[in-house]
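> sequence and predicted structure, then a few things I'm wondering about:
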Amino acid sequence: MKNLNRRHFVKQLGMSSAGLMLGSSINSVEAKTPCDHNTTPIIPFVGTHQAGITTPGQKHIYFIVLDLHTDKLEDIKQMFKVWTSYSKNLTQGKNVKEYSKNHFIPPADTGEADSLSAHKLTLTFGVSPSFFTKLNINHLKPAELTDLPHFPRDQLKPEYIGGDICIQACADDPQVAFNAVRNLVRVARSTITMKWSQSGFTSYDDLQTPRNLFAFKDGTANFSGQKLDEVVWVQQDNWLKNGSYLVVRRIKMFLETWDRTNAAEQNNTFGRYRDSGIAFGHKDEFDTLDLKKMDEKGKPIFPNTSHVKLAHQTGLNILRRSYSYASGIDDHAQFDAGLLFISFQNDPKTFITIQNSLGNTDKMNEYVTHIGSGLFACFPGIVDEQDYLGRSLFDAI
Ligand SMILES: C=CC1=C(C)c2cc3[nH]c(cc4nc(cc5[nH]c(cc1n2)c(C)c5CCC(=O)O)C(CCC(=O)O)=C4C)c(C)c3C=C
Ligand SMILES: [Fe+2]
């Protein structure tokens, strides 16, 4: 075993990134644009909001859902305190704890990220409706935090639903993201069990909107700045203030069917062009959509079944932060691949309204099935050294 503290690696980084690290104790890295990458390898864990929400998307995700197997509040509070301490270290590219000189005990860190930098690791924590029921604190469950309704065509599988806690680990290196989750789970084995998880990837190259597995640019209509803040952060004066609601959907994409579909139909499915990402009848990928546009024959330019039209006509906004996944081959010898759809919003109703608008009408339904689902309330950020994940909730008990 290399008794290597990951801090040594961080020290080797150039002065410019070290300066950035020291100068930013608050997670102010915001604004989702495709050009925000490669600024600093460290995203601060401490800040008004949890990182990993408005943080520009990293290349990899490891998302996990956990079940509580205790109803002892003190134990859960302690677990979040330990997770806070571990997360602070991990997101700085350090081991969860210093390695001991005693070689007769298991190493403090599982170690597979030794000698790797933080790679912009963010760790984002949320709790589901059942968390409150299990801990007998339903009086603190926000009215908005109820199980998502059944949507048309849902084919949710028991193995991808439920769970009490989620952890979203995102990083530019998959092993760094996995190492973080592995250590967080390892230290909490007496209070939680793993329910389901999914790893994923994106195709960021710093210049372009990433493409999903249908080859379409995905994330174009996301926005930045103040509008993003208004859409994402809970403003009510309760323990969730400055937190957010995370919706996760494991959406299987039938790539073999899609790959047999002609190019015009692929474009019609979304109402955008696959090569450029430009919406029908518009000039630039980032043009504001005008759904009333007509063609030269006076017919609406957007097919009524197009994904973008159905989503946009709600007039509602969510922050989409999704990742593609490819998890081997299914029982029918087809790719088990798709989109780990993740959205953040200050009210789950926004997602519900958009999903209902897509409903049975969305042409994309021919090529996808929703098989996993979850809704989690993500805590506000931790603001000082004494703070810990979930403190506002535990203080309210
Ligand atoms: C209920 C929310 C949504 C789900 C679920 C969803 C799944 C899903 N989407 C794509 C691909 C694209 N989506 C695009 C735009 C878009 N999608 C949603 C919502 C959901 N998508 C919204 C709100 C929007 C923006 C609409 C607007 O106002 O313009 C696009 C177009 C490019 C973009 O803006 O990102 C693509 C492509 C897939 C493949 C998928 C599930 C597998
Ligand atoms: Fe979409």
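The structure has been received and is ready for your questions. Numbering: from 1, shown residues only. Ligands and ions are numbered 1, 2, ... in the order given.
> ok, now which ones touch the closest residue to Pro142 other than its chain neighbours?
In space, Pro142 comes closest to Leu240 once its chain neighbours are excluded; the distance is 5.7 Å by C-beta to C-beta, 6 or more residues apart in numbering. Using the backbone N, CA and C atoms, a C-beta is placed for each residue, glycine as well. Residues near Leu240 by C-beta atoms under 8 Å, 6 or more residues apart in numbering: Pro142, Val234, Ala377, Phe379, Pro380, Ser392, Leu393.
> hmm, the third one is touching Phe125, no?
No. Contact criterion C-beta atoms under 8 Å: Ala377 and Phe125 do not qualify, at 10.0 Å.
> next structured bit after the lowest-mean-pLDDT helix or strand in the chain?
Counting by mean pLDDT, DSSP states H and E, the chain has its least confident helix or strand at helix 15-23, which shows a mean of 31. Moving toward the C-terminus from helix 15-23, the next helix or strand (DSSP states H and E) is strand 60-68.
> check the gap between Lys72 and Lys81 for me.
14 Å (C-beta to C-beta, to the nearest Å).
> for those two, indicate the residue with more neighbours.
The residue with more neighbours, out of Lys72 and Lys81, is Lys81; 16 against 11, by other C-beta atoms under 10 Å.
> just to be sure, the more buried one is in a helix?
Yes. Under DSSP: H, G, I helix; E, B strand; the rest coil, Lys81 falls within a helix.
> for the nearest residue to it once chain neighbours are set aside, which residues are in contact?
Leaving aside its chain neighbours, Lys81 sits nearest to Tyr388 (4.6 Å; criterion: C-beta to C-beta, 6+ apart). By C-beta under 8 Å, 6+ apart, Tyr388 lies in contact with Phe80, Lys81, Thr84, Ile382.
> for Asp290, same thing?
By C-beta under 8 Å, 6+ apart, the residues touching Asp290 are Gly281, His282.
> for Asn304, same thing?
By C-beta under 8 Å, 6+ apart, the neighbours of Asn304 are Thr361.
> ligand 1 versus that one, what's the distance?
Computed as C-beta to the nearest ligand atom, to the nearest Å, the Asn304 to ligand 1 distance reads 15 Å.
> mind checking which helix or strand the residue in the stretch 51-200 of the chain that ligand 1 sits nearest to is in?
The minimum distance from the stretch 51-200 of the chain to ligand 1, using C-beta to the nearest ligand atom, falls at Phe151 (8.6 Å). Using DSSP H and E, Phe151 sits within no helix or strand.
> with respect to Phe254, which of the contacts of Leu240 is nearest?
Using C-beta to C-beta, Ala377 comes nearest to Phe254 of these, at 32.4 Å.
> hang on, that closest one in a helix?
No. Using three-state DSSP, the assignment for Ala377 is strand, not a helix.
> and it, bridged to which residues?
Val127, Tyr245 (DSSP bridges).
> wait, what's in contact with it?
When contacts are counted by C-beta under 8 Å, 6+ apart, Ala377 is found next to Gly126, Val127, Ser128, Pro142, Leu145, Leu240, Gly243, Ser244, Tyr245, Leu246.
> could the residues you listed go into a markdown table alongside pLDDT and distance to Gln266?
Putting the contacts of Ala377 into a markdown table (pLDDT from 0 to 100; distance: C-beta to C-beta, whole Å) gives the following:
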| residue | pLDDT | distance to Gln266 |
| --- | --- | --- |
| Gly126 | 98 | 34 |
| Val127 | 98 | 39 |
| Ser128 | 98 | 36 |
| Pro142 | 98 | 40 |
| Leu145 | 98 | 37 |
| Leu240 | 98 | 40 |
| Gly243 | 98 | 38 |
| Ser244 | 98 | 33 |
| Tyr245 | 98 | 32 |
| Leu246 | 99 | 30 |
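> out of those residues, grab the one that's most surrounded.
Gly243 (30 neighbours).
> correct me, but it touches Thr48?
No. Gly243 is beyond contact range of Thr48, at 10.2 Å (criterion: C-beta under 8 Å).
> which neighbours do those two share?
Pro380.
> ok so, going back, please indicate which of the contacts of Tyr388 are buried?
When the contacts of Tyr388 are checked for burial by 16 or more other C-beta atoms under 10 Å, the buried set is Phe80, Lys81, Thr84, Ile382.
> which phi and psi values does the last one adopt?
It stands for Ile382. The phi and psi torsions at Ile382 (degrees, to the nearest 10) take the values phi -100, psi 130.
> ok, it to Ser85 distance?
11 Å.
> cool, Asp154 as well?
For Asp154, the distance to Ser85 - C-beta to C-beta - is 39 Å.
> now Pro41
Separation of Pro41 from Ser85 (C-beta to C-beta) stands at 21 Å.
> which bits of the stretch 251-397 of the chain sit near ligand 1?
Contact residues (C-beta under 6 Å from any ligand atom) of the stretch 251-397 of the chain with ligand 1: 251, 253, 270, 272, 289, 307-308, 311-312, 318, 338-339, 341, 351, 354-355, 358, 368.
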